[in-house]
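Colleague: the amino acid sequence is not available; the structure is as follows:
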């Protein structure tokens, strides 16, 4: 890797560390939590936060991961292996009530009336009006219940004030103007908290440069072509067989393999009369 | 010229434009540009629907050249990719789901808006022309902020003519004030008549055509707005604007509706207008050209060398254009979407002769467009040109066997 990349990488990490230090100045690490999906971004994020904690002699905040009920086994293995290696006490979060209602079976229909009060209230909050929906982590209702609700419940019960996220500005145009810290006011079923994304300024390319430069572990799915890992049933490789970092990261969108885009396109094509 | 704009209007029939002879004054703005334009009277699309036509328009390649694929093959090169490499800023704004990032059309753009992140209305599932113009305005204003902006290639695509044919009331009034349909009633016509391809009631087909015409009228107004954005940003004087469509639309001409896999003029024959701000006199060009020639023409306008993978030829300067005949292909779908079992179809046109082949029933048709512009008298059995014309299509047909 050439000197320019190394120099840039150093600057990127230093910027991230500054953000992390600032976070720890404002918030007690005991009131912080780190989200870790096992994907390349949150692994990089965790790696940086961990370094700051070691340098500043602070306890690593609670690390959490959300089990959407449709995870790649490769991702689960990765989380287990690396948390052992890095001595992390990883907390697994899951919406058990929802899994129960569909017998943990992907695609099974969930009757809204079978869900517990909290889940029902959450669906009402997002103005979901149907009587049932299929269990898919990236469908509208499924995504909300399996991810957002689980996260909100955790924040509330653990009194978390600051949540470390791993968003990047280059992920989508809408994130271009994002700030490192975003405060979320309390709302119905949504506890007040702040989110911080220390790697906001990293591009997808920067993530891979950093991963290789510092020999960070990564999930083997990236090596066979996946660029963005979501739920198993909704993620597809970018170019099959070509490692993520060797693909055209600059011109082909990272989430092109995620099914949400496809669903949206299909839905509109249907309404145009094409399906 | 500094900048080039490709303005494409989805589903726009050539014969609805005043400058192409329509008497109903549906497109006063486009018509008003004519003294600054070269108007091509004989431009043909490479296919009768978006997926079949856009490979020609943006990659100068044919639809089935890389096999039957739903996504834009990585083997194709978009004009945006070529231009971006040459240091030209590339920006695309549209709301056609078939051309969204998921289908691979987002390559090579510095800025690519496909509207998939935005909410659309339930009845009209795309961002309308004013929304597209708003995005263009935002981008253009920021791009030209300092006076030394980089030359740009801008592609803007409007969906407003495309079904479900729910035009805004004021445009419907211009076409026929006696039509008094609610949006729900128009949507219902779309579902009950268009989707079912039901041409049995001629009056209803006529009514649908009027709704379509109102969409044309509406789009003409968006184009007017678009040009005023260019003027406001002071770039029109340095910009060539190419105006065309991807394909037309059928209203019972060949016993169908909408745009399925047919190769007749109501779907294939395209308006093509090139606007030069510094011209003072319009020009009419009757040469047979194809939308596959558009990417090479854009390269020519930027003074760039031709790109070896592009199949077409620049239509400028006209004297250098090789007059070869034009070709197009599609899946001969007979309903509103391509089924795996549907077989390909193709056409070849040379002068006034057009030959069409359908793989499904291995049938041939040939028409003399001069004598029979409606393409109803199949002369394949009588013409002395049949064998020669067939021989032109055979290499393309043989290519399909490899899929």
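Modeller: Arrived safely, thanks for sending. Not measured: the values here are computed from a predicted model.

Colleague: so how far is chain B from residue A:38?
Modeller: Using CB to the nearest CB, to the nearest Å, residue A:38 is found at 25 Å from chain B. All C-beta spots, glycine's among them, are computed from the backbone N, C-alpha and C.

Colleague: which residues sit in contact with that residue?
Modeller: Neighbouring residues of residue A:38 by CB atoms under 8 Å, 6 or more residues apart in numbering or on different chains: A:65, A:75, A:76, A:78, A:79, A:82, A:219, A:229.

Colleague: got phi/psi on the third one?
Modeller: Read that as residue A:76. Backbone torsions of residue A:76, given as degrees, to the nearest 10, read phi -60, psi -50.

Colleague: out of everything not next to it in sequence, what's closest to it?
Modeller: The shortest distance from residue A:76 to any non-neighbouring residue, by CB to CB, 6 or more residues apart in numbering or on different chains, is to residue A:38 (7.5 Å).

Colleague: wait, a strand at the one you found?
Modeller: No - under DSSP: H, G, I helix; E, B strand; the rest coil, residue A:38 falls outside any strand and is assigned coil.

Colleague: could you measure from it over to residue A:98?
Modeller: Residue A:38 sits 21 Å away from residue A:98, going by CB to CB, to the nearest Å.

Colleague: which single residue in chain B comes nearest to chain A?
Modeller: Closest approach between chain B and chain A, counting by CB to the nearest CB: residue B:125, at 3.7 Å.

Colleague: isn't that residue right up against residue A:272?
Modeller: Yes - taking CB atoms under 8 Å as the definition, residue B:125 is a contact partner of residue A:272 at 5.8 Å.

Colleague: these two: which is more packed in?
Modeller: residue A:272 (23 against 20; other CB atoms under 10 Å in any protein chain shown).

Colleague: contacting residues for that one?
Modeller: Contacts of residue A:272 were listed using CB under 8 Å, 6+ apart, and they are B:97, B:125, B:126, B:162, B:163, B:164.

Colleague: skipping adjacent residues, who's closest to residue B:354 in space?
Modeller: For residue B:354, the closest residue by CB to CB, 6+ apart turns out to be residue B:367, at 5.1 Å.

Colleague: and the one you found, helix, strand or coil?
Modeller: Using three-state DSSP, the three-state assignment for residue B:367 comes out as strand.

Colleague: burial count for it?
Modeller: Residue B:367 is flanked by 26 other residues according to other CB under 10 Å.

Colleague: check residue A:239 too.
Modeller: By other CB under 10 Å, the residues close to residue A:239 number 17.

Colleague: do the one 5 residues further on as well
Modeller: By the measure other CB under 10 Å, the count of residues near residue A:244 is 25.

Colleague: and it, how far from residue B:201?
Modeller: Separation of residue A:244 from residue B:201 (CB to CB) stands at 55 Å.

Colleague: again, but for residue A:199
Modeller: Going from residue A:199 to residue B:201 by CB to CB gives 61 Å.

Colleague: show me what residue B:44 bridges to in the sheet.
Modeller: Counting by DSSP bridges, residue B:44 is bridged to residue B:269, residue B:290.

Colleague: right, and it touches residue B:292 too?
Modeller: No - Residue B:44 is beyond contact range of residue B:292, at 9.2 Å (criterion: CB under 8 Å).

Colleague: quick check: neighbours shared by those two?
Modeller: Jointly contacting residue B:44 and residue B:292 under the rule CB under 8 Å, 6+ apart are residue B:326.

Colleague: please name the nearest non-neighbouring residue to residue B:31.
Modeller: Of all residues not flanking residue B:31 in the chain, residue B:18 sits nearest, at 4.0 Å (CB to CB, 6+ apart).

Colleague: residues near that neighbour, how many?
Modeller: Residue B:18 sits with 18 neighbouring residues when counted by other CB under 10 Å.
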